[in-house]
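**Student:** need a 3D model of the following:
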Amino acid sequence: MPKPVKKNTKRISELLKISEKLNHIKDIDSLLDNILLEARKFTRADAGSIFLADGDKLKFSYVQNDSIAKIDEGNNKYIYSIFDIPIDDKSIAGYVALTGDPLLIEDVYQLNGGVSYSFNPYFDEISCYRTKSMLTVPLVTSQQNIIGVIQIINAKDKKGEVTSFSNDQMMYVSFLANNASVAIERAKMTREIVLRMIKMTELRDPRETGNHVNRVGSYSIEIYEKWAKNKKIPLEEIKKVKDTFRIAAMLHDVGKVAISDMILKKPGKLTEEEFEIMKKHTIFGAQLFENPVSDWDALSAEIAISHHEKWDGSGYMGRVDNIYREEIAPQIGKKGEEIPIAGRIVALADVYDALISKRVYKEPWKEEEVLKYIGEQSGKHFDPDVVKAFFSIYDVIRAIREKYAEK
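**Tutor:** As a prediction, this is how the structure comes out:
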């Protein structure tokens, strides 16, 4: 068998294995992260973005950039950038989504005359980056529907110098994109189902909005990633946890569906008896994930029951040995590392968002007041290491808040 044929066969085999792995990822953001990473590995690309179709527009959905990461490792604020572009022939990504044809460009700042599209230097300007070579490929489903665009930037040779993408690389990335599109549709469906579950809670408790849970989910995985890197946890383990953590964190208060409207919607302060009933939303949330069949179920139950625990042991629901008992008496709160790390992280993410956001019963706190409070609660309400991770990525936290701002 000629060498080029052997090489192509090996590449296709690798791509099929990657596609199989992608099919097991549940969270849409984790999936986009993995798709982009694998496409870049195949092409030795320095950076890349994914745009997902939303009506007649493409929404900027994910970004990776190794050069920027080297300067500021772990800073994911650009992932949460907010902009969209029309699906038309004026931009490179829009053109690819419109036509369904991939584009190979040697230098985006020196496009051939006569083309309708142009390069938008906005990202280069805000990040002090220099985009040169670019490969843009449509994400096409088996029904030939274009659901987005993957754009990879600055191919590098073996010496690390920026070079052009090849036609072979375009073929491989197109193959990966076509297979990944099925996984993207499935992950989007999973996210929609989760948001519908949350909508049920929102109908009962107006504080539980889709944007609130999106913020808490995003805060949680970013805090976790920083905390985990500080603890020298392997990158593969971090990625595995992040896949289930975001969705599980979004469902932290789903147990409120079992709490009476008289308590949930009471405008004033709850009585001691009412507050004891309210505490049980943590138990009810965990009960929803009885007989877990996946890591996601188990983590969702863990977060639901533990996100109101406090580092100093003064939280709830405490050391409950059987959450299915008819009557559960008040328990001594779990303390320190007895509380699962996911619960410790969601506790901080949830409190931060509650304080800094407007609610029907209160105005938002000023940002400096919120940050002061969180600092003061380190070692009391919150795990000091989680607080440290939170403050070290606060520009990412801000970017998340802006992306999922209340409308």
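
**Student:** can we go C-alpha only for contacts and neighbour counts from here?
**Tutor:** Noted.

**Student:** just checking, residue 378 touches residue 389?
**Tutor:** No: using C-alpha atoms under 8 Å, residue 378 makes no contact with residue 389, being 11.6 Å away.

**Student:** and the strand or helix carrying residue 217, how far from the chain's centre?
**Tutor:** Element membership of residue 217 [criterion: DSSP states H and E] is helix 210-230. Relative to its chain's centre, helix 210-230 lies at 8 Å (C-alpha atoms, centre = their mean, to the nearest Å).

**Student:** got a list of contacts for it?
**Tutor:** Helix 210-230 has contacts (C-alpha atoms under 8 Å, 6 or more residues apart in numbering) with 74, 76, 195, 198-199, 202, 235, 238, 242, 245-251, 342, 345-346, 349-350, 353, 385-386, 389-390, 393, 396-397, 400-401, 404-406.

**Student:** got it, and stretch 279-295?
**Tutor:** With C-alpha under 8 Å, 6+ apart, stretch 279-295 has contacts from 244, 252-259, 297-298, 300-308, 316-317, 323-324.

**Student:** and residue 320, which of the three is it?
**Tutor:** With DSSP: H, G, I helix; E, B strand; the rest coil as the basis, residue 320 sits in coil.

**Student:** the nearest residue to it once chain neighbours are set aside - how many residues pack around it?
**Tutor:** The shortest distance from residue 320 to any residue other than its chain neighbours is 6.8 Å, reached at residue 331 (C-alpha to C-alpha, 6 or more residues apart in numbering). By the measure other C-alpha atoms under 10 Å, the count of residues near residue 331 is 13.

**Student:** helices along the stretch 101-250 of the chain, start to end?
**Tutor:** For the stretch 101-250 of the chain, the helices defined by DSSP state H, counting those that start in this stretch occupy 122-127, 167-204, 210-230, 235-250.

**Student:** just give the number of residues close to residue 163.
**Tutor:** By other C-alpha under 10 Å, 18 other residues sit near residue 163.

**Student:** swap in the one 10 residues further on?
**Tutor:** Counted by other C-alpha under 10 Å, the residues lying close to residue 173 total 29.

**Student:** hmm, back to that, so the residue nearest to residue 320 touches residue 323, yeah?
**Tutor:** No: under the criterion of C-alpha under 8 Å, residue 331 makes no contact with residue 323, lying 11.9 Å away.

**Student:** low-confidence stretches in the stretch 1-150 of the chain?
**Tutor:** Along the stretch 1-150 of the chain, segments meeting pLDDT under 70 span 1-9, 12, 71-75.

**Student:** try 90
**Tutor:** Applying pLDDT under 90 to the stretch 1-150 of the chain flags residues 1-30, 42, 60-83, 112-114, 122-128, 141-145.

**Student:** which stretches of it form strands?
**Tutor:** Using DSSP state E, counting those that start in this stretch, the strands of the stretch 1-150 of the chain run over 45-54, 57-65, 84-86, 103-105, 134-140, 146-156.

**Student:** tabulate these (a markdown table), appending mean neighbour count and distance to residue 32.
**Tutor:** Putting the strands of the stretch 1-150 of the chain into a markdown table (neighbours: other C-alpha atoms under 10 Å; distance: least, C-alpha to C-alpha, whole Å) gives the following:
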| stretch | mean neighbour count | distance to residue 32 |
| --- | --- | --- |
| strand 45-54 | 22 | 7 |
| strand 57-65 | 21 | 7 |
| strand 84-86 | 17 | 17 |
| strand 103-105 | 17 | 20 |
| strand 134-140 | 27 | 12 |
| strand 146-156 | 25 | 10 |
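
**Student:** residue 308 and residue 314 touch, don't they?
**Tutor:** No: if you go by C-alpha under 8 Å, residue 308 and residue 314 don't touch, sitting 9.4 Å apart.

**Student:** more neighbours: the two, which one.
**Tutor:** Legend: neighbour count by other C-alpha under 10 Å for residue 308 and residue 314, higher for residue 308 (27 against 16).

**Student:** surely the more buried one is in a strand?
**Tutor:** No: per three-state DSSP, residue 308 lies outside any strand segment and is coil.

**Student:** ok, it - contacts?
**Tutor:** Contacts for residue 308 (C-alpha under 8 Å, 6+ apart) come out as 282, 315-317, 343, 347.

**Student:** hmm, 7 Å instead?
**Tutor:** Neighbouring residues of residue 308 by C-alpha atoms under 7 Å, 6 or more residues apart in numbering: 315-316, 347.

**Student:** which of these lies closest to residue 52?
**Tutor:** Nearest to residue 52 among the contacts of residue 308, counting by C-alpha to C-alpha, is residue 347 at 31.2 Å.
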